[in-house]
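**Q** Here is my input; please provide its structure:
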Amino acid sequence: MFLAELAWPIISRIPLGGDLAISPHGIGIAAGFALGAWMMIRRAELRGLSHTHIPDISEAVQALLGRVAIGAILGARLFYVLTHLDEFSSEPLRIFAAWEGGLTFLGGVAGAIMYAMPWAIKQGWRPRQVLDSAMPGLAAGLVVGRIGDLMIGDHIGQPTDFFLGWRCTGDVNSVSSLWGADPGSYDAAVARLGTNPTLGCFDTAVHQTALYDFGAALFVLLLLLWLERRPRFDGFFAAMWVYGYGVVRFTGDFARQDRRFLELTGSQWALLGASLLVTAWLVRTKPWEDRPWAWDLEFDHPWLEADEDESSALDAADVTDADSDDADGDHGDDAVVSSGHEPDGT
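**A** Here you go, the predicted structure:
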């Protein structure tokens, strides 16, 4: 016997006291970014960020991630605005009201790369190593982020009798029924909005495309973790992310309620473009011929260790600092003896 549909309540807001509340959506984004950052640092420490030594890779990646966060916000908003220009024609200042909603994941990815990568290249880092380090964390972050979407009932599609269709049972923030606020009328929402709603709790089973995207991201994460068990050429994991996520997300977007351009959503066009660019790069550059590979499972690359000159310089600096500390200590002892008083305790 097959399930007729999935069902669960939403949590539109988590009360913090008084009128103050926080959205699970925001919590999911923050937690997903933190997880992805941690995974990127771990992998960058294994493969490096370039074929030259970087003294503190963790600190270097953290500096990069600050720029990634800025670029992601700007790109996520810009991509949404460009694909929904009519929403802002009468009130152009609403373009900056990102807190009202209207952010896109793929726009955020593109914005993060376009804003942060020039800085990374300026540092002498290799883009392929940087992107490969980021890809598993990007997939894991999306998995966590989509949980927040599922909790608030975001990214819902059209009504369906598909066995993975979702019916909202209420909003737990209200006490008007067992689960909370009763689901609203889907037909009434369509009449009020003039189009199908993409967020909310309704009495009709709909495609929950955030659930499909959760599955896509989880599939890509498990795929990348499995592929890490063997040596891979630089750029391999970035290419696999584009292909793996692209196929599943492209298919799922046919159920998504969104603007379409020649029958495809903006995200579908973006994934098509990215897939073509990656394919052209693979065919033209044959990156598997470029050795050594950063992901080789031995991780004994020369660029992960400081060279002799750098080590000597660091040792000399340590000796200088130690001599300076000893000198300061000797002066302090002399001062105590000459004054005839013990130093005050602190």
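
**Q** then stretch 184-198 to CSV, C-alphas only?
**A** Taking C-alpha atoms only, stretch 184-198 is exported to CSV below (Å, rounded to 0.1, in the frame of the first residue of the first chain):
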residue,chain,number,x,y,z
GLY,A,184,-6.0,27.9,4.8
SER,A,185,-8.0,27.4,1.6
TYR,A,186,-5.7,26.9,-1.4
ASP,A,187,-8.3,28.1,-3.9
ALA,A,188,-8.9,31.2,-1.8
ALA,A,189,-5.2,31.9,-1.8
VAL,A,190,-5.0,31.6,-5.6
ALA,A,191,-8.0,33.9,-6.0
ARG,A,192,-6.4,36.5,-3.7
LEU,A,193,-2.9,36.3,-5.2
GLY,A,194,-3.9,35.8,-8.8
THR,A,195,-1.4,32.9,-9.0
ASN,A,196,-0.4,29.8,-7.2
PRO,A,197,1.1,30.4,-3.7
THR,A,198,4.7,29.4,-3.1
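
**Q** how far is it from where the chain is centred?
**A** 31 Å (C-alpha atoms, centre = their mean, to the nearest Å).

**Q** for residue 102, phi and psi?
**A** In terms of degrees, to the nearest 10, the main-chain angles of residue 102 are phi 110, psi 60.

**Q** per-residue pLDDT, the residue nearest to it when sequence neighbours are not counted?
**A** Spatial nearest neighbour of residue 102, excluding adjacent residues (C-beta to C-beta, 6 or more residues apart in numbering): residue 80 at 4.4 Å. Using the backbone N, CA and C atoms, a C-beta is placed for each residue, glycine as well. Looking at residue 80, its pLDDT stands at 86.

**Q** And what about residue 80, helix, strand or coil?
**A** Assigned with DSSP: H, G, I helix; E, B strand; the rest coil, residue 80 falls in the helix class.

**Q** My read is that it contacts residue 103, right?
**A** Yes: if you go by C-beta atoms under 8 Å, residue 80 and residue 103 touch, sitting 6.0 Å apart.

**Q** the more surrounded of the two?
**A** Shown here are residue 80 and residue 103; by other C-beta atoms under 10 Å, residue 80 has more neighbours (21 against 18).

**Q** what residue ranges in the chain are flagged as low confidence?
**A** Within the chain, the stretches with pLDDT under 70 are 1-4, 174-181, 306-346.

**Q** Which parts of it are helices?
**A** With DSSP state H as the criterion, the chain has helices at 24-47, 57-83, 105-122, 127-152, 186-193, 209-227, 236-252, 266-285, 308-339.

**Q** so what's the residue nearest to residue 102 up against?
**A** By C-beta atoms under 8 Å, 6 or more residues apart in numbering, the contact list for residue 80 reads 102, 103, 104, 107.

**Q** do that again at 10 Å, thanks
**A** Contacts for residue 80 (C-beta atoms under 10 Å, 6 or more residues apart in numbering) come out as 87, 88, 95, 98, 101, 102, 103, 104, 107, 108, 259, 266.

**Q** Check the offset of stretch 258-273 from the chain's centre.
**A** 21 Å.

**Q** And stretch 31-41, by the same measure?
**A** Taking C-alpha atoms, centre = their mean, one finds stretch 31-41 lying 7 Å from the centre of the chain it belongs to.

**Q** what's the spacing between the nearest residue to residue 67 once chain neighbours are set aside and residue 148?
**A** Nearest residue to residue 67, sequence neighbours excluded (C-beta to C-beta, 6+ apart): residue 116, at 4.0 Å. Distance, residue 116 to residue 148, using C-beta to C-beta, to the nearest Å: 23 Å.

**Q** Contacts for stretch 220-228, please.
**A** Stretch 220-228 has contacts (C-beta under 10 Å, 6+ apart) with 39, 43, 46, 132, 135-143, 232, 236-237, 240-249, 295, 297.

**Q** Please state the backbone phi and psi of the nearest residue to residue 205 once chain neighbours are set aside?
**A** Among residues not flanking residue 205 along the chain, residue 165 sits closest, at 3.9 Å (C-beta to C-beta, 6+ apart). Backbone torsions for residue 165, taken as degrees, to the nearest 10, come to phi -60, psi 150.

**Q** Good, wrapping up.
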